[in-house]
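Novice: give me a 3D structure for the following:
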Amino acid sequence: MNQPKTSSIKNSWRTEVTSLPSWLKRPLGKASELSTVQRIIKQRNIHTICEEGRCPNRGECYANQTATFLLMGQTCTRACAFCQVEKGHAPASLDPDEPQKVADAVSLLGLRYVVLTSVARDDLDDGGAAWFVRVMNAVRRANPQTKIEVLTPDFWSGKNAEVSQRERVATVVTAKPACYNHNLETVRRLQAPVRRGAKYDRSLNVLGLVKELDPTIPTKSGLMLGLGETEAEIIQTLEDLRAIGCDRLTLGQYMRPSLAHLPVQKYWTPQEFDHLGHIARDLGFSHVRSGPLVRSSYHAGED
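Specialist: The predicted model follows:
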């Protein structure tokens, strides 16, 4: 009974994928580089957002000795409409061995620059802030030359959330990451439909707190384009980021993970991304990555 419907969905998805603009199609990279990382990750039962998010740049990043580890499991307590990471209100317990597993993987892969991100864990008392530090410490003990960037959630949950957000951000800042990244993802008008459970000003506050607590730590944020935003709204968002001292920026094209996610409203051209990148530099961002296939951690180590 369900076969026609299933077939129709598959055909619709196949049509959507094959109709992507040419500039969004690229080879994944050498199979050997991909399989080596995948084997090491799978053996240790740890996760990378490169794999979970099927990032189009993962082959290139692996070849450049950079990877982004996804901490605290595969289940996110939020349900953002753009993200294909699994959602749920009862994620698994933290794996006490995860910090050492990540540190071992960094050693085996010879990574010079590591990005640590996580699912949102609103079920934890501190949102997972102390866990970030625990993993950072383990990586540094085993790999003292490796630089660590963090890409954290907004750490907003539970009672007294505003006070807790400051304390949680401070926990991570005290561990001195090489860069503190938190993504706005989209413009103010589109926050509610795109980032369920998050708010524009809360996210700006994360980056502002980092600069307030330690002005020496570079801050970074990223936007996905193609969700219905206008150029004027993008520029306003960039101005808001610069107003709280954000140093680094990534701009990339939103690519729909499945038919269950938000549809793409526009495919911005490489020329439009170049134009926006020039605007961002003129506004004072010290490092800008702007292109259709750019993601949060793309060439992060080069910054």
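
Novice: please make it C-alpha for all contacts and neighbour counts, starting now.
Specialist: Fine.

Novice: C-alpha coordinates for stretch 166-177, CSV please?
Specialist: Extracted in CSV, the C-alpha atoms of stretch 166-177 (Å, rounded to 0.1, in the frame of the first residue of the first chain):
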residue,chain,number,x,y,z
ARG,A,166,27.4,33.3,31.6
GLU,A,167,28.8,30.7,33.9
ARG,A,168,28.8,28.0,31.3
VAL,A,169,30.4,30.2,28.7
ALA,A,170,33.0,31.2,31.3
THR,A,171,33.8,27.5,32.0
VAL,A,172,34.8,27.0,28.4
VAL,A,173,36.6,30.4,28.0
THR,A,174,38.8,29.6,31.0
ALA,A,175,40.1,26.6,29.2
LYS,A,176,41.5,28.9,26.5
PRO,A,177,40.4,27.6,23.2
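
Novice: which of the residues in that stretch are buried?
Specialist: Arg166, Glu167, Arg168, Val169, Ala170, Thr171, Val172, Val173, Lys176, Pro177 (16 or more other C-alpha atoms under 10 Å).

Novice: do stretch 276-287 as well
Specialist: Residues Leu276, Gly277, Ala280, Gly284, Phe285, His287 are the ones in stretch 276-287 that count as buried (16+ other C-alpha under 10 Å).

Novice: ditto for stretch 119-130
Specialist: Here stretch 119-130 shows Val119, Ala120, Arg121, Asp122, Asp126, Gly127, Gly128, Ala129, Ala130 as buried, counting by 16+ other C-alpha under 10 Å.

Novice: kindly report the same for stretch 145-165.
Specialist: 146-157, 164-165.

Novice: likewise stretch 286-293?
Specialist: Neighbour-count burial for stretch 286-293 flags His287, Val288, Arg289, Ser290, Gly291, Pro292, Leu293 (criterion: 16+ other C-alpha under 10 Å).

Novice: strands - which of those residues land there?
Specialist: His287, Val288, Arg289, Ser290 (DSSP state E).

Novice: how far away is the second one from Arg295?
Specialist: Distance of Val288 to Arg295, computed by C-alpha to C-alpha, to the nearest Å: 12 Å.

Novice: list residues touching both of those two?
Specialist: Common neighbours of Val288 and Arg295, using C-alpha atoms under 8 Å, 6 or more residues apart in numbering, are Thr250.

Novice: how many residues are close by Asn203?
Specialist: Not Asn; residue 203 is Ser. 21 (other C-alpha atoms under 10 Å).

Novice: next, the closest residue to Glu86 other than its chain neighbours: phi, psi?
Specialist: Once flanking residues are discounted, Glu86 sits nearest to Thr75: 4.9 Å by C-alpha to C-alpha, 6 or more residues apart in numbering. The phi and psi values for Thr75, taken as degrees, to the nearest 10, are phi -110, psi 120.

Novice: residues contacting the residue lying closest to Thr269 once chain neighbours are set aside?
Specialist: Nearest non-adjacent residue to Thr269, counting by C-alpha to C-alpha, 6+ apart: Pro292, 7.2 Å away. With contact taken as C-alpha under 8 Å, 6+ apart, Pro292 is in contact with Trp23, Leu24, Leu251, Gly252, Gln253, Trp268, Thr269, Pro270, Phe273.

Novice: any idea how far Arg289 is from the residue nearest to Lys199 when sequence neighbours are not counted?
Specialist: Closest residue in space to Lys199, ignoring its immediate chain neighbours: Gln191 at 6.4 Å, by C-alpha to C-alpha, 6+ apart. Per C-alpha to C-alpha, Gln191 is found 22 Å from Arg289.
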